[in-house]
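Asker: Have a look at this prediction, sequence included:
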Amino acid sequence: MPERILEIGEFAAGYCGRLFAQTGQDVVRIEPGTPAPGWVGRQASDLYLHAGKRRIATRDRDLIAALAREADVVVAEAATADELTALGFDAWPTPVKVAITPFGRTGPKRNWHATPHVLLAMGGYTQLMGDPDRAPLSLPGHYAEFQSGQYAYVAANACRLADESAAIDIGMFETLMSLSQFTVMQWLCKNEIRGRHGNELWAVCPSSLYRLRDGAAYVNIVPAFWDAFTVFIDRPELLIDERFATNDLRMAHREALQTVVAEAMAAMTRAEVIARSEALRIPAGVLQTLDEVLEDEQLGAREFWQSVETPGGRAVRSPALPWRVDGTPYPPLRLTEAERDHG
Amino acid sequence: MADGPLRGVRVLDLTHVWAGPLGVRVLADLGAEVIKVEAPFGRGPRDIVDTPLGGWLWGDPGTEAWNRNAMFLKLMRNRRGLCIDLKAAAGRATFLELVAGADVVIENFSARAMPDLGLGYESLRAVNPRIVYVSLTGYGSAGPYQDRVAFGPTVEPLSGLGSLLGYGPGESRCTTMALLDPIAALSAAAAVVTALRRRADTGRGARVELSLQEGGVSFSGPWLLEHQLGGSVQPRGNRHPAMAPHGVYPCAGDDRWIAIGCADDAQWRALCTVIGGDLDPDADLALRTAHHDAIDATIARWTRGRDKHEAATCLQAAGVPAGPVNTAPDMLADAQAIYRQFFVPLEEHMPVPGNPVKMAGLTSADWTPCPKLGADNATVLRDWLGYDDTRIDDLQRQGILADRPPA
């Protein structure tokens, strides 16, 4: 029997609710009075996040409290800790309650306001993206919110699995810091502040996005792939060049190496990169447009796309959940209009 | 080991690099009992060749460098370690005995690695029909790309993100931080709890499959839908299609920046109050968007002479979303992170990023650091399988178990 999930909030709660809805739970979403500004239009956002949910447009706190009383899980997202408290979150008797706020429910910044790009800046991401001689680049989209939604989903399900009641507090700032690659380690262990290097990973060489004759491709040559890579770019003589014998040496002589690699890659086509990387088992990936992603051969073969229907009856392709249990594809979904007040 | 709601869930962790270990760390932080199953060479060679990405613990490789890779240690807390040769028949037999008593097996090898070892899903299910088997590959275990070698950075260009991140049209950039790995990591943890709950209802195990590609494309979903609906999708630098101003501005000092954004008219008016100058507090979003360049210039004049932390505090006091572009030392010194004890002094007291899931009963006080290679060989085999010392010594003598990389 499906569990009853009550979803309140925007993109983090919305993504968490999406996971619950896609896995067969009965999700009721409370639509906010004033939608937060998203990266895409409302219809695209709703189709992606809210298909398969029941939606109620209400600001009636008594109604929300009544729904919370009947729910097995509440996922509530608010702009600040105080706004979450004002919703009545603490009074709800729901067995599992998840609060998602920018900075968590405690601490001196619990009521700081944040946009996703403010969180990405504070969480250490923005410092790493873009060119060294230009302003740092912020990551577009809802990464902070979606990842917080994933944490919320995992924690709530863990509690339901254990049949334990819980009030869970997730701060998106901490979500981001918890998922950092090696930024903090590099500082503590190498005394280096990780910075921006265009498209280069900068810890492995060569690792960058290279121009091709007809596009671009990323190659990431961690040490185990160096020997084969010299064949991949038709420069086998690099293998006996002492400047490039180890990754540390390749980093030390990266400018010379990058010149050679960029020149070799520029002579290749996308098709050649794909064919050679498959033959020589080189980690490489060609840059795709959104149209190419939608037509991607692998995604098509794996029946990755899910049909989602607009309230007007138009069907579009949406990414299904990023995991598959026993190979079962996800069924088509429909976005319904939000009901007003007494849904 | 951590306590938490996943206590009693037994996980065999065969993952490596980033996505897999990070996903398992999420489960371990929530109380799962995790055995890290690794090959003798799984942490690199005995002799140092290269410096690892995050360096050596406290900068010192010591005499056992393979046990001091800082990035590896950060990911591998709250586990016990079993170093076993799965290429040997006796190693595989022991592993299958462990599988019989496990709830979850998770790996992120290439699609053909486990089947080639004779340890594919069907083999594991034969000894434990209730097992949840999780396979996290670059592109999936079937399909035309199944054998492509993949890392997060090489799959990212296939995710659609290249159409979005950049200084503008024609100036795309990559994240350079393998962003698809942490996406897949959390999806893997989510998939595990989903499958465990299904098993609790049905009694059935499951084969769960994820790929870096599908995780990345999933996060690009809103743009893929917008594109199909005819919307404009392109790199916008640091601007936002529905907020203005929205940017990253220079502050006092070398390479110091602050992110500022106004999500509504009230925040815009608050910004005008703080910054003053020629900003019009009555300008609506359309007007602000039309004059974004001029607004940016005024904001930058205000931020340029100010410390990034002080500027953020000043703007936040007025209700404007703003935050410094933090470096690692900034995050370690952040008052909020300190108050919530986010960083945990774990590996020889070196702080590691903590768990963002806060709830009663979850504490980092019971966390255990990453085990040394093979440190728990005997205790795992004794506790899980009831092996006696003679049998364990025998496996050690045969080289099936190890506690150091091969010479």
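Answerer: Received the coordinates, thanks. Keep in mind the model is a prediction, meaning the values are calculated, not measured.
Asker: For the longest helix anywhere in chain B, buried residues please.
Answerer: Taking DSSP state H as the criterion, chain B has its longest helix at helix B:180-202. By 16 or more other Cβ atoms under 10 Å in any protein chain shown, the buried positions in helix B:180-202 come out as B:180-199. (C-beta placed from N, C-alpha, C; glycine too.)
Asker: List the buried residues in stretch A:187-198.
Answerer: Neighbour-count burial for stretch A:187-198, with 16+ other Cβ under 10 Å as criterion, is recorded at A:187-190, A:194, A:196-198.
Asker: So what touches that stretch?
Answerer: The contact list for stretch A:187-198, computed with Cβ atoms under 8 Å, 6 or more residues apart in numbering or on different chains, reads A:127-132, A:136-137, A:182-183, A:186, A:202, A:208, B:51, B:54-59, B:70, B:173, B:176, B:255, B:327-329, B:332, B:350-351.
Asker: For residue 42, which non-adjacent residue is spatially closest?
Answerer: Unless you meant another one, I'm taking chain A. A:Pro35 (6.5 Å; Cβ to Cβ, 6 or more residues apart in numbering or on different chains).
Asker: that's the other chain; I wanted chain B
Answerer: Distances taken as Cβ to Cβ, 6+ apart place B:His16 nearest to B:Gly42, at 6.5 Å, with adjacent residues excluded.
Asker: which residues does the one you found contact?
Answerer: B:38, B:42, B:108-109.
Asker: could you show me where the strands are in the stretch 51-200 of chain B, in order?
Answerer: B:79-83, B:104-107, B:132-137 (DSSP state E, counting those that start in this stretch).
Asker: For the longest one, which helices and strands make contact with it?
Answerer: Contacting strand B:132-137 under the criterion 3 or more Cβ pairs under 8 Å, 6 or more residues apart in numbering or on different chains; DSSP states H and E are the following elements: helix B:19-29, strand B:104-107, helix B:121-127, helix B:180-202, strand B:206-211.
Asker: what do you get if the cut-off is 7 Å, keeping everything else the same?
Answerer: strand B:104-107, helix B:180-202, strand B:206-211 (3 or more Cβ pairs under 7 Å, 6 or more residues apart in numbering or on different chains; DSSP states H and E).
Asker: can you give me the offset of the shortest one from its chain's centre?
Answerer: Put plainly, it is strand B:104-107. Put simply, strand B:104-107 sits 17 Å off its chain's centre (Cα atoms, centre = their mean, to the nearest Å).
Asker: ok so, going back, which two among the buried residues of stretch A:187-198 are spaced furthest apart?
Answerer: A:Leu188 and A:Gly198 (25.2 Å; Cβ to Cβ).
Asker: if you look at the contacts of B:His16, which of them are in helices?
Answerer: Short answer: the contacts of B:His16 have none in helices (DSSP H).
Asker: okay, now the residue nearest to A:Arg42: neighbour count?
Answerer: Here the number of neighbours of A:Pro35 (other Cβ atoms under 10 Å in any protein chain shown) works out to 12.
Asker: any idea how far it is from A:Phe11?
Answerer: Distance, A:Pro35 to A:Phe11, using Cβ to Cβ, to the nearest Å: 10 Å.
Asker: Now do the end-to-end distance for stretch A:223-241.
Answerer: 15 Å (Cα to Cα, to the nearest Å).
Asker: ok, and what's touching it?
Answerer: A:221, A:244, A:247, A:260-261, A:264-265, A:276-277, A:280-283, B:50 (Cβ atoms under 7 Å, 6 or more residues apart in numbering or on different chains).
Asker: How far does it sit from its chain's centre?
Answerer: Worked out by Cα atoms, centre = their mean, stretch A:223-241 lies 34 Å from the chain centre.
Asker: So which bits of it are buried?
Answerer: Across stretch A:223-241, burial judged by 16+ other Cβ under 10 Å covers A:225-226, A:228-230, A:232-233, A:235, A:238, A:241.
Asker: Which of those residues sits closest to chain B?
Answerer: A:Phe225 (7.5 Å; Cβ to the nearest Cβ).
Asker: which strands and helices sit next to the biggest helix by length in chain A?
Answerer: Longest among the helix segments of chain A by residue count, using DSSP H, is helix A:143-161. With contacts defined as 3+ Cβ pairs under 7 Å, 6+ apart, helix A:143-161 has these neighbours: helix A:11-22, strand A:73-77, strand A:96-101, helix A:116-122, strand A:166-171, helix A:172-178, helix B:180-202.
Asker: nearest to B:Pro5, of these?
Answerer: Using Cβ to Cβ, the helices and strands packed on helix A:143-161 put strand A:166-171 closest to B:Pro5, at 7.3 Å.
Asker: Neighbouring strands - and their directions - for that closest one?
Answerer: Strand A:166-171 has the following strand partners under DSSP bridges: strand A:96-101 (parallel), strand B:357-358 (antiparallel).
Asker: So A:Asp46 sits against A:Leu335, correct?
Answerer: Yes - look at A:Asp46 against A:Leu335 with Cβ atoms under 7 Å: they come within range, at 5.7 Å.
Asker: Counting neighbours around each, name which of the two comes out higher.
Answerer: A:Asp46 (27 against 22).
Asker: ok, back up a step: could I get the CA-only coordinates of the longest helix of chain A as CSV?
Answerer: Taking C-alpha atoms only, helix A:143-161 is exported to CSV below (Å, rounded to 0.1, in the frame of the first residue of the first chain):
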residue,chain,number,x,y,z
TYR,A,143,22.0,21.1,-8.0
ALA,A,144,22.0,22.2,-4.3
GLU,A,145,18.2,21.6,-4.0
PHE,A,146,18.1,18.3,-5.9
GLN,A,147,21.0,16.8,-3.9
SER,A,148,19.3,18.0,-0.7
GLY,A,149,16.1,16.3,-1.9
GLN,A,150,18.1,13.1,-2.5
TYR,A,151,19.5,13.2,1.1
ALA,A,152,16.0,13.8,2.4
TYR,A,153,14.6,10.8,0.5
VAL,A,154,17.4,8.5,1.7
ALA,A,155,17.0,9.6,5.4
ALA,A,156,13.2,9.5,5.4
ASN,A,157,13.2,6.0,3.8
ALA,A,158,15.9,4.8,6.2
CYS,A,159,13.7,5.9,9.1
ARG,A,160,10.6,4.3,7.6
LEU,A,161,12.5,1.1,7.0
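Asker: so how far is it off the chain centroid?
Answerer: How far helix A:143-161 lies from its chain's middle: 13 Å, per Cα atoms, centre = their mean.
Asker: Likewise for stretch B:245-257?
Answerer: On Cα atoms, centre = their mean, the centre of stretch B:245-257 falls 27 Å from the chain's centre.
Asker: in it, what counts as buried?
Answerer: Under 16+ other Cβ under 10 Å, the buried positions of stretch B:245-257 are B:245-251, B:255-257.
Asker: now the helices for the stretch 301-407 of chain B?
Answerer: With DSSP state H, counting those that start in this stretch, the ranges of helices along the stretch 301-407 of chain B come out as B:308-317, B:328-333, B:335-339, B:377-385, B:389-397.
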